[in-house]
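Asks: Kindly generate the corresponding structure for this input.
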Amino acid sequence: VAGSYYIEALTNKIEAEAGEYIAKIDALGGAVAAIEQGYVQREIQDAAYKFQCAVEKGETIVVGVNKFQLAEKPAAGLLRVDTAVRNQQIGKINALKAARDNARVQESLAALEKAARDERINLMPLILDAVRAYATEGEIC
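Replies: Prediction:
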C-alpha cells in the first residue's frame, strides 16, 4: 500500500512535534508550571486565532459558516412557551419539592456552597450529591 509510507511520514511528523511540545513544557518546569506561567492559555489563544484567520480567509472550510451557507437566514424569533406546558412544569417542580427530603437537599446545598468558596475543592461530587437529593438546577446554580 503506497499510501502507508505517507501516513507513516505524517505520524512521524506528529510524533516529533509532540515531542518538541513536551520538551517546551518540561523546560518551563512541567505542566502545572506551564499553566501558572500562562503558556498553555497563550498556546490555546494562538491556535484559536490562527484557526479563525484561516476560516475568514477561506483556507479552512466550516460548513454553514464560510461554505455551503443557507441562502435564507433562519427566522430567529423569541421562544414562546405554551402556558399549559409552563404550568405543567411548575406542577412537576412543586410535586418534586413536596416529595423529596428537604433537609437532605438543604444539607447538600450548604455543603456545596461552603466548598464553592474554596477554589481547590472539586465541586462535582457535591453537585452530584445535591442532584441525588433532588435539588433543582436552579437551586444548585
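Asks: which helix is the longest one in the chain?
Replies: Identified as the longest helix of the chain according to DSSP state H is helix 3-27.
Asks: which helices and strands does that one pack with?
Replies: For helix 3-27, the packing partners by 3 or more Cβ pairs under 8 Å, 6 or more residues apart in numbering; DSSP states H and E come out as helix 31-36. The C-beta positions use only the backbone N, C-alpha and C, and glycine is treated the same way.
Asks: can I see the domain layout of this protein?
Replies: 3-57, 83-140 (automatic domain parsing).
Asks: out of these, nearest to A75?
Replies: Checking the domains of the chain against A75 by Cβ to Cβ gives domain 83-140 as the closest, at 21.0 Å.
Asks: Start and end of the closest one, how far apart?
Replies: 25 Å (Cα to Cα, to the nearest Å).
Asks: related to what we said a few turns ago, of all the domains of the chain, which lies closest to E72?
Replies: Closest approach to E72 among these is made by domain 3-57 (21.9 Å; Cβ to Cβ).
Asks: ok, N66 touching C53?
Replies: No. Under the criterion of Cβ atoms under 8 Å, N66 is not in contact with C53, lying 11.8 Å apart.
Asks: Tell me which of those two has more neighbours.
Replies: N66 (15 against 11; other Cβ atoms under 10 Å).
Asks: and the more buried one, what is it in contact with?
Replies: With contact taken as Cβ atoms under 8 Å, 6 or more residues apart in numbering, N66 is in contact with 55-56, 58, 60.
Asks: Return the set of buried residues in the helix or strand hosting L96.
Replies: Following DSSP states H and E, one finds L96 within helix 83-99. Buried residues in helix 83-99, counted by 16 or more other Cβ atoms under 10 Å: none are found.
Asks: ok now it, how far from the chain's centre?
Replies: 29 Å (Cα atoms, centre = their mean, to the nearest Å).
Asks: what does stretch 108-117 give?
Replies: 22 Å.
Asks: what do you get for stretch 132-140?
Replies: The chain centre lies 21 Å from the centre of stretch 132-140; the measure is Cα atoms, centre = their mean.
Asks: for it, what is the average pLDDT?
Replies: Taken as a whole, stretch 132-140 has a mean pLDDT of 97.
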